[in-house]
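> below is the sequence, then the predicted model.
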Amino acid sequence: MRNLVQSALLIAGMAGLGALCTWMIWGDSAAGWMIVAFVALLIFSPGLSKGTILALYGARRLTAAEFPEGTALVERLSQQAELPQPPELYYVASALPNAFTVGRGGDAAIAISDGLLRVFNARELASVLAHEISHIANRDLWIMGLADVMARITTISSYVGMFLLILYLPMVIAGQATVPLAVPLILALSPTMMSLMQLALSRSREYNADLGAVRLTGDPHGLISALLKLERITGRFWEEIVFPGRRIPEPSLLRTHPPTEERVKRLSELAGGKGVMPWRGPPEWRAPSVPHVRIPPRWRRTGVWY
């Protein structure tokens, strides 16, 4: 409930800040149209298409013949989550352990990297897939797409307003007009404020997806193991190479994902202090027959890192 309330308040705050910037520049009627635009965004679900994002990562479809255990697991978890149909499973040829979801509702896809398939066991893979399916069930992609569009609109409005204030500056200096101090301050700070609210919204939805994953699998320890393994592989090895000095504490406001320690703490509380639960899924699984990717992650021509 706390996650849901936080998400609702953050979306409302972003919409309010966008309307305020528009009102300061164009007046009451423009602010009204901005509210209408936000309502339209709620209805039409903004965001890039599923195919576009998958193409950027060079992802290809994994069929049931190639990966029967994985597709069967996705189908079972989707039924438990009461999705209209299971998301499609895609493969990304990247050594970086990663999984992400695109699309929404009945037209979604989960992409898993070669690195993730090589290092995760069946229990951990089930927890990660359940986490991604929870994002779909909770409509998180739609929510984050909406937040991104609102942030872009507000940022554009802020830049337009600052440009108009610069044109207006000679009249202010000549004493022929006055501008309340709050106006330039709000216009200058609104893009940063919108970004911080976006980051807070992302963290809230990640906590909710963790909770949803545990509800689907009944196994918080599987997700704990997956998170700690990802932290060990990506959070230490790659960041030490790409971002030296990463051990300097990062401000919590600037994180897109909650700290792993906090996520593990919450998951441990869901476990109720019990020991590691026995895994009820298949004892082993066969990875799809794809070449082992050994090339380190890098920037691609499409502009994405994998």
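Yep, that arrived.
> okay, how far is it across stretch 102-122, tip to tip?
Across its full length, stretch 102-122 reaches 23 Å end to end, with CA to CA, to the nearest Å as the criterion.
> I'd like the average pLDDT over that stretch.
Stretch 102-122 shows a mean pLDDT of 89.
> buried residues in it?
Within stretch 102-122, the residues scored as buried using 16 or more other CB atoms under 10 Å are 102-104, 108-117, 119-122. All C-beta spots, glycine's among them, are computed from the backbone N, C-alpha and C.
> same question, stretch 146-157
Of the residues in stretch 146-157, those buried (16+ other CB under 10 Å) are L146, A147, D148, V149, M150, A151, I153, T154, T155, S157.
> sort out for me which of those are in strands.
Per DSSP state E, strands hold no members of the buried residues of stretch 146-157.
> which of these lies closest to Q176?
Nearest to Q176 among the buried residues of stretch 146-157, counting by CB to CB, is S157 at 25.3 Å.
> tell me which two in the buried residues of stretch 146-157 are the farthest apart.
L146 and S157 (16.6 Å).
> what about the longest helix in the chain?
With secondary structure taken from DSSP state H, the chain has its longest helix at helix 182-217.
> centre of the chain to that one, how far?
Computed by CA atoms, centre = their mean, to the nearest Å, the separation of helix 182-217 from the middle of its chain amounts to 10 Å.
> what do you get for stretch 287-301?
23 Å.
> which helix or which strand is home to the residue lying closest to I25 once chain neighbours are set aside?
Nearest non-adjacent residue to I25, counting by CB to CB, 6 or more residues apart in numbering: G161, 4.5 Å away. In this assignment (DSSP states H and E), G161 forms part of helix 140-173.
> and the angle for that helix with helix 182-217?
Angle of helix 140-173 versus helix 182-217, following axes from the mean of the first three to the mean of the last three CA atoms, to 10 degrees, is 170 degrees.
> so where is the protein shaky, pLDDT-wise?
3, 29-35, 38-48, 235-256, 273-285 (pLDDT under 70).
> mind redoing it with 50?
237-238, 240-249 (pLDDT under 50).
> center of it - which residue?
In the chain, the C-alpha nearest the mean C-alpha coordinate belongs to S202, at 5.5 Å (CA atoms, centre = their mean).
> looking at it, A109 is touching Y91, isn't it?
No: A109 lies out of contact with Y91 (CB atoms under 8 Å); the separation is 10.9 Å.
> so what sits against both of those two?
Jointly contacting A109 and Y91 under the rule CB atoms under 8 Å, 6 or more residues apart in numbering is no residue at all.
> so A177 lies in a strand, does it not?
No: under DSSP: H, G, I helix; E, B strand; the rest coil, A177 falls outside any strand and is assigned coil.
> next up, the contacts around it.
Here A177 is in contact with Y168, M171 (criterion: CB under 8 Å, 6+ apart).
> could you do the one 10 residues further on as well?
For L187, the residues meeting the contact criterion (CB under 8 Å, 6+ apart) are C21, M24, I25, S158, G161, M162, L165.
> CSV for those residues, including neighbour count and distance to A55?
Shown next, in CSV, are these (neighbours: other CB atoms under 10 Å; distance: CB to CB, whole Å):
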residue, neighbour count, distance to A55
C21, 26, 34
M24, 21, 40
I25, 19, 37
S158, 25, 32
G161, 21, 36
M162, 15, 36
L165, 17, 41
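> closest to L196 out of these?
Among these, and counting by CB to CB, the member closest to L196 is S158, at 14.2 Å.
> and the residue lying closest to D107 once chain neighbours are set aside, how far is that from G105?
Nearest residue to D107, sequence neighbours excluded (CB to CB, 6+ apart): K50, at 6.5 Å. Taking CB to CB, to the nearest Å as the criterion, K50 is separated from G105 by 11 Å.
> same deal with L228?
When L228 is compared with G105 (using CB to CB), they lie 32 Å apart.
> what does L199 give?
Per CB to CB, L199 is found 25 Å from G105.
> so what's L96 up against?
With CB under 8 Å, 6+ apart, L96 has these contacts: S113, G115, T234, W238, P297, Y306.
> count of neighbours near the fifth one?
So that's P297. 17 (other CB atoms under 10 Å).
> work out for me the element the residue lying closest to it once chain neighbours are set aside sits within.
Of all residues not flanking P297 in the chain, L96 sits nearest, at 4.3 Å (CB to CB, 6+ apart). L96 is part of no helix or strand when elements are defined by DSSP H and E.
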